[in-house]
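J.: I would like to see how this sequence folds:
(chains A and B)
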Amino acid sequence: MNVADVFFFIIALVTVGSAAVVVLSRSLIYSAFALLFTFFGVASIYILLGADFLAATQVLIYVGGILVLLLFGVMLTHRLYNLDLKTETFQLIPGMLIALAVFASLALAAMNTKWKLVPEKQVQPTTDTIGTLFMTEYLLPFEIASILLLVALIGAAMLVRRRTDV
Amino acid sequence: MITLQHYLLVSAALFSLGIFGVMTRKNAVNVLMGIELILNSANINLVAFSRYSSAGLDGQMFAIFVIVVAAAEVAVALAIVLTMYRLLKTVNLDQADTLKR
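T.: Residues are numbered from 1 along each chain as shown, chains lettered A, B, ... in the order given. Next comes the predicted model:
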């Protein structure tokens, strides 16, 4: 067992452990902050997999954007003076059964399939290749993604606008 | 030796935790957190396959597009949650049952 393996197990433990806190904690704020550790853990997994650009993107967009947005969501939908941001749960038993069944089937599929593996490639910077791919092979999805973001921006602004003229 | 299966197992654990969160939480914002976990687990799978198979960087490109869609999704979803809070004064999903009654 070398150093990289130890790193992997630590990162996997932190990621899965904090994800468990996200879904099991009774307090919304604890969930949001555990989600921070999950996102950083996933970014570290990307680094272990040699995806440097994706790791930076993960930190920028998930931690810097999505998590802050979720925290805004928590703050704006609760009266903050009692600071009692509890969440209730329901369907605990069916949820647990389905989650266990999903995990079991996914794990069995992952372990029993004969993957066509190639020997591990040399880790090299990916940003250059990703930029080239965006401008050549993935040009159409790239443009569609920008339109999707514009539509989401306008739609979100429309939805929360206070209607004064109706 | 860390192999592809290790990454797939981590991703499966994240996925089932996300499913559990989506199914059992009453708070809409908490359900969104579960959805983010599910999207992240799918991304881990894509990147792991991109490293351990001969497909090149295609998996990472797909992961980037998943992140873009997740950003758009969470913006619209939070707008819906805020509208729901303004209309119903709650974000508990089991109390949004106007159509049922």
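J.: going forward, measure contacts and count neighbours with C-alpha atoms only.
T.: Noted.
J.: those helices in chain A, which residues are they?
T.: Counting by DSSP state H, chain A has helices at residues A:3-24, A:28-48, A:52-57, A:67-76, A:92-112, A:127-135, A:139-160.
J.: Any chance of those helices in JSON lines with mean neighbour count as columns?
T.: Supplementary listing: the helices of chain A in JSON lines, determined by neighbours: other CA atoms under 10 Å in any protein chain shown:
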{"stretch": "helix A:3-24", "mean neighbour count": "19"}
{"stretch": "helix A:28-48", "mean neighbour count": "21"}
{"stretch": "helix A:52-57", "mean neighbour count": "18"}
{"stretch": "helix A:67-76", "mean neighbour count": "17"}
{"stretch": "helix A:92-112", "mean neighbour count": "16"}
{"stretch": "helix A:127-135", "mean neighbour count": "13"}
{"stretch": "helix A:139-160", "mean neighbour count": "15"}
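J.: In a markdown table, list these along with distance to chain B and mean pLDDT.
T.: Below are the helices of chain A laid out as a markdown table (distance: least, CA to the nearest CA, whole Å; pLDDT from 0 to 100):
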| stretch | distance to chain B | mean pLDDT |
| --- | --- | --- |
| helix A:3-24 | 5 | 93 |
| helix A:28-48 | 7 | 93 |
| helix A:52-57 | 7 | 94 |
| helix A:67-76 | 6 | 89 |
| helix A:92-112 | 5 | 93 |
| helix A:127-135 | 7 | 93 |
| helix A:139-160 | 5 | 94 |
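J.: could those helices go into JSON lines alongside distance to residue B:53?
T.: Formatted as JSON lines, the helices of chain A follow (distance: least, CA to CA, whole Å):
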{"stretch": "helix A:3-24", "distance to residue B:53": "20"}
{"stretch": "helix A:28-48", "distance to residue B:53": "16"}
{"stretch": "helix A:52-57", "distance to residue B:53": "18"}
{"stretch": "helix A:67-76", "distance to residue B:53": "32"}
{"stretch": "helix A:92-112", "distance to residue B:53": "14"}
{"stretch": "helix A:127-135", "distance to residue B:53": "17"}
{"stretch": "helix A:139-160", "distance to residue B:53": "23"}
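J.: so which of these gets nearest residue B:63?
T.: helix A:52-57 (7.9 Å; CA to CA).
J.: Send over the host helix or strand of residue B:6 as CSV, restricted to the C-alpha atoms.
T.: For residue B:6, the enclosing helix or strand under DSSP states H and E is helix B:4-24. Output in CSV follows, covering the C-alpha atoms of helix B:4-24 (Å, rounded to 0.1, in the frame of the first residue of the first chain):
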residue,chain,number,x,y,z
LEU,B,4,-11.4,1.6,-11.4
GLN,B,5,-13.7,-0.4,-9.1
HIS,B,6,-12.7,1.7,-6.1
TYR,B,7,-13.8,4.9,-7.7
LEU,B,8,-17.0,3.2,-8.9
LEU,B,9,-17.8,2.1,-5.3
VAL,B,10,-17.3,5.6,-3.9
SER,B,11,-19.6,6.9,-6.6
ALA,B,12,-22.2,4.3,-5.9
ALA,B,13,-22.1,5.2,-2.2
LEU,B,14,-22.6,8.9,-3.0
PHE,B,15,-25.4,8.0,-5.4
SER,B,16,-27.4,6.0,-2.9
LEU,B,17,-26.9,8.6,-0.2
GLY,B,18,-28.3,11.2,-2.6
ILE,B,19,-31.3,8.9,-3.4
PHE,B,20,-31.8,8.5,0.4
GLY,B,21,-31.7,12.3,0.9
VAL,B,22,-34.1,13.0,-2.0
MET,B,23,-36.6,10.4,-0.7
THR,B,24,-36.6,11.2,3.0
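J.: other SSEs contacting it?
T.: Taking 3 or more CA pairs under 8 Å, 6 or more residues apart in numbering or on different chains; DSSP states H and E as the contact definition, the neighbouring helices and strands of helix B:4-24 are helix A:3-24, helix A:92-112, helix B:28-52.
J.: Between helix A:3-24 and that helix, find me the angle.
T.: An angle of 10 degrees separates the directions of helix B:4-24 and helix A:3-24 when computed by axes from the mean of the first three to the mean of the last three CA atoms, to 10 degrees.
J.: in helix B:4-24, what's buried?
T.: Under the neighbour-count criterion of 16 or more other CA atoms under 10 Å in any protein chain shown, helix B:4-24 has B:4-24 buried.
J.: Many thanks, I have nothing further to ask.
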